[in-house]
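1. sequence? don't have it. structure:
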């Protein structure tokens with residue numbers, strides 16, 4: 001995580017220090033923002049506070065209780081940290097836009113937001129793949145689990161999950177920093193894949209590279225997760241009822257989170273590839289689902305479905321009551 005933060009800081013300074021493009025981009029995805037600006041602001045501020053508090057609570061619980069210092073819970077804490085970083089990169093600018101007369105962003109800041117958006121989004125899939133691997137080893141190879149999922153293995157998986165997407169996404173971001181803009185209205189409320197439609201010339205090489213990143217950072221992790229869970233289902237089918245119950249308790253939350261995030265990610269990917277213009281209200285609704293629903297979905301699912309986390313949450317809030 002610290003490595004990713006350093007990369008983000010270096011890239012941000014490079015973009016801000018250069019003379020790449022000093023023009024501003026209008027975020028044209030808002031719907032009647034002048035009329036409902038305070039309502040939007042209150043809703044998004046409330047959501048941001050809930051995201052920070054809920055995710056931080058689960059991270060703190062996992063960090064403070066030694067019985068939760070297992071790979072499965074470490075990966076869950078990493079997912080929560082990822083959600084906090086993602087939201088912190090998006091929400092402050094979004095809240096400022098609701099209170100501003102014009103919803104604009106500089107080209108360099110837009111590229112930086114785009115970098116954070118996709119690097120952390122890809123990290124989410126890799127973290128879910130790491131969690132699937134952990135469950136696969138735990139259920140299918142229980143005797144070898146302590147030797148395979150050692151502390152160094154968990155650390156390497158976490159570093160890879162954050163560092164690999166950051167390196168992959170930084171390439172098109174740096175290349176795009178020198179490209180000329182011909183359009184200045186972005187059909188969205190944040191800088192995502194639609195930024196590529198603003199440039200005068202579309203790079204075919206960059207599109208091929210983007211597809212390669214899509215395969216390695218999204219499709220491959222999803223296929224790997226499906227493969228591991230198919231193996232888990234086969235093993236559970238041949239095992240006792242206790243093994244099936246344990247597998248359901250630990251695997252079901254991961255699958256729910258994967259399905260939710262995959263559906264939201266598929267929309268974002270198709271948004272650039274399809275030439276169809278979605279209505280502005282549809283774009284705004286789906287964008288808000290990505291920003292609101294998923295960061296809140298993770299702590300709710302893991303807080304309710306993971307037995308040990310749920311137990312610690314009940315102890316925490318029952319004491320305060």
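-> Now that the structure is in, tell me what you want to look at. Given the structure is predicted, the values throughout are model-derived calculations rather than measurements. Residues are numbered from 1 along each chain as shown.
2. use CA for all of it now, contacts and neighbours both
-> Noted.
3. most distant residue from the middle of this structure?
-> For the chain, the residue at maximal distance from the C-alpha centroid (Cα atoms, centre = their mean) is residue 240, at 35.7 Å.
4. now stretch 53-72: average pLDDT?
-> The average pLDDT within stretch 53-72 is 88.
5. now that stretch: buried residues?
-> 54, 55, 56, 57, 58, 59, 61, 62, 71, 72 (16 or more other Cα atoms under 10 Å).
6. which residues in the protein form helices?
-> Using DSSP state H, the helices assigned to the chain run over residues 2-17, 33-64, 71-99, 107-140, 145-148, 151-176, 204-214, 220-238, 241-273, 280-288, 294-305, 307-320.
7. how about TSV for those, with distance to residue 196 added?
-> As requested, the helices of the chain are exported to TSV (distance: least, Cα to Cα, whole Å):
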stretch	distance to residue 196
helix 2-17	17
helix 33-64	25
helix 71-99	19
helix 107-140	10
helix 145-148	42
helix 151-176	8
helix 204-214	10
helix 220-238	24
helix 241-273	8
helix 280-288	17
helix 294-305	25
helix 307-320	42
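8. pick the most deeply packed of those.
-> Comparing the helices of the chain by mean neighbour count (mean count of other Cα atoms under 10 Å), helix 107-140 ranks first with a mean of 23.
9. run the chain-centre distance for that one.
-> Its chain's average C-alpha position is 6 Å from that of helix 107-140, according to Cα atoms, centre = their mean, to the nearest Å.
10. over to stretch 310-321?
-> The chain centroid and the centroid of stretch 310-321 are separated by 28 Å under Cα atoms, centre = their mean.
11. now stretch 23-38
-> With Cα atoms, centre = their mean, you get 24 Å for stretch 23-38.
12. so what touches it?
-> Residues from elsewhere that reach stretch 23-38 (Cα atoms under 8 Å, 6 or more residues apart in numbering): 40, 98-99, 101-107, 184-190, 280-281, 283-284.
13. go again with 6 Å.
-> 98, 103, 104, 105, 106, 107, 184, 185, 186, 187, 188, 189 (Cα atoms under 6 Å, 6 or more residues apart in numbering).
14. narrow those to those that are buried.
-> For these, buried by 16+ other Cα under 10 Å: 98, 103, 104, 105, 107, 184, 185, 186, 187, 188, 189.
15. pretty sure the second one contacts residue 97?
-> Yes: shown here, residue 103 and residue 97 form a contact pair, counting by Cα atoms under 6 Å, at 5.1 Å.
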